[in-house]
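Asker: Need the 3D shape of this:
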Amino acid sequence: MPHTPDLFNDREPARKPAAPAAGLIVSASRAPLSAAARAFDFQLSRIDKLKSQLAELDAMEQAHRLAMHQQLTPLKARYGQCLREMVLLLDARLGGKSLSRLQRETATEMLCGLAATLAEQGDADMAALHDKHSPQALAELQQAESDQLRAQIEAVLGDALGGVPEGASVDDMLAAGMERLRQVQEAAQERRRAATAKRKAKKKPSAAQAAEQAQLEDAETSLRKLFRQLASSLHPDREPDPQMRLSKTALMSEANAAYERRDLLALLQIQQKALGIDVLAAGQTSDEKLAGLTQLLKQQVAELERERAARSERLIAEFELVPRFKLNPATLQMALLEQVAELEESVSSMQHDLQMARDDAGLKRWLNEQRRHARYLDRAANDMGFA
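Answerer: Next comes the predicted model:
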């Protein structure tokens, strides 16, 4: 099997850097860089690689969504059509008198289950057929399921699930519950961080910690100063030329966004592009100031790493990958092939069932098989303690 690099392995080089950020510090005399300059450049290279990895993630996600649409959508449509044909067939057969009581019960259960599945996808005709054969309307069943889910979520949270109207769908209820749970977890993490910061604040910082904090505060000051210089130079109202005004408006928008996310590298690149100023050229930035700016870059690296991890977890869950698998084109292709195979098998199985159920004798055999299979599943669930 060909090697597929792990997108999140920091030991592997990025394949296509988004922008050549590393090596912004240059020396006109070709003298070796200082330790502070090397540390600054190292953090720049980490940011460059992380941004490249995030760009690859975006491209990989878009390509996989397109492949899913092209390969799964036609299969899902065929499967849905098979389900619809089965519902209509059962509805017609239930109008006759050839089925036994147990067969009629099984046929009714099958019809209601299949019709409910299609109704949830927006098929109003299937909702009507469900209600025709079910003692309880589909809307009532969905409401009961939604209420049960709300009670379960509120039991976990220990509080009422506000902001979700009565009658919300199960999907909306689940989404609201997951969002509220995420908020609760984030609040708990923030409390832990605040408690940790409070404990640290009570301790007298070491000389190294005090120096690092002073460097960081100086770097924050430099960041604000850099942004203010850019804001003054790029203010579009001060530019009489219409074309330059448009260019400066775009750059000012980039600078605002970069400052909001405290992206030092982006601000430096905007400064160099817009004003031709290289503040990192040798001799212009002291090692002490570089050490403080490096602390800012480390914070940006940590934020990008968190974003990378969160995006990876989301895609692994959404695309139904085995969590231990690496997220790369090969594993996504393998997951897609499995989904295609499962859908093809489902379509083939349903087509076989339809063919079998087209005459009375075949329908009765099929209903008896479904009833035996349901009993087997019930016994298995009881044996495993799930019922």
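Asker: pLDDT weak spots in the stretch 101-250 of the chain?
Answerer: 205, 207-212, 214-216 (pLDDT under 70).
Asker: Just the strands from it, written as ranges.
Answerer: For the stretch 101-250 of the chain, applying DSSP state E, counting those that start in this stretch gives no strands.
Asker: ranges for the helices of it?
Answerer: 101-119, 124-133, 138-157, 170-202, 207-234, 242-260 (DSSP state H, counting those that start in this stretch).
Asker: what's the helix or strand for the spatially most central residue of the chain?
Answerer: Residue closest to the average C-alpha location in the chain (Cα atoms, centre = their mean): Arg314, at 3.3 Å. Arg314 belongs to helix 287-318 when assigned by DSSP states H and E.
Asker: which helices and strands does the strand or helix carrying Ala77 pack with?
Answerer: Assigning secondary structure by DSSP H and E places Ala77 in helix 35-94. For helix 35-94, the elements it packs on are helix 101-119, helix 124-133, helix 287-318, helix 329-356, helix 360-383, judged by 3 or more Cβ pairs under 8 Å, 6 or more residues apart in numbering; DSSP states H and E. C-beta coordinates here come from the backbone N, C-alpha and C atoms, glycine included.
Asker: Show me how far it is from its chain's centre.
Answerer: 10 Å (Cα atoms, centre = their mean, to the nearest Å).
Asker: Averaged pLDDT, it. What do you get?
Answerer: Helix 35-94 shows a mean pLDDT of 94.
Asker: Now do that helix against helix 329-356, angle only.
Answerer: For helix 35-94 against helix 329-356, the angle by axes from the mean of the first three to the mean of the last three Cα atoms, to 10 degrees is 0 degrees.
Asker: related to what we said a few turns ago, just how off-centre is the helix holding Arg314 within its chain?
Answerer: 18 Å.
Asker: List the contacts of Met195.
Answerer: Actually, residue 195 is Ala rather than Met. By Cβ atoms under 8 Å, 6 or more residues apart in numbering, no residues touch Ala195.
Asker: Go ahead and confirm Ala255 touches Leu226.
Answerer: No. Using Cβ atoms under 8 Å, Ala255 is not in contact with Leu226; the gap is 9.2 Å.
Asker: list the residues that contact both of the two?
Answerer: Leu267.
Asker: Show me which of those two is the more surrounded one.
Answerer: Shown here are Ala255 and Leu226; by other Cβ atoms under 10 Å, Ala255 has more neighbours (24 against 21).
Asker: For the closest residue to that one other than its chain neighbours, give me its contacts.
Answerer: Nearest residue to Ala255, sequence neighbours excluded (Cβ to Cβ, 6 or more residues apart in numbering): Leu230, at 4.8 Å. Counting by Cβ under 8 Å, 6+ apart, Leu230 touches 251-252, 255, 267, 270-271, 274-275.
Asker: Quickly name whichever of those is closest to Glu303.
Answerer: Leu267 (15.3 Å; Cβ to Cβ).
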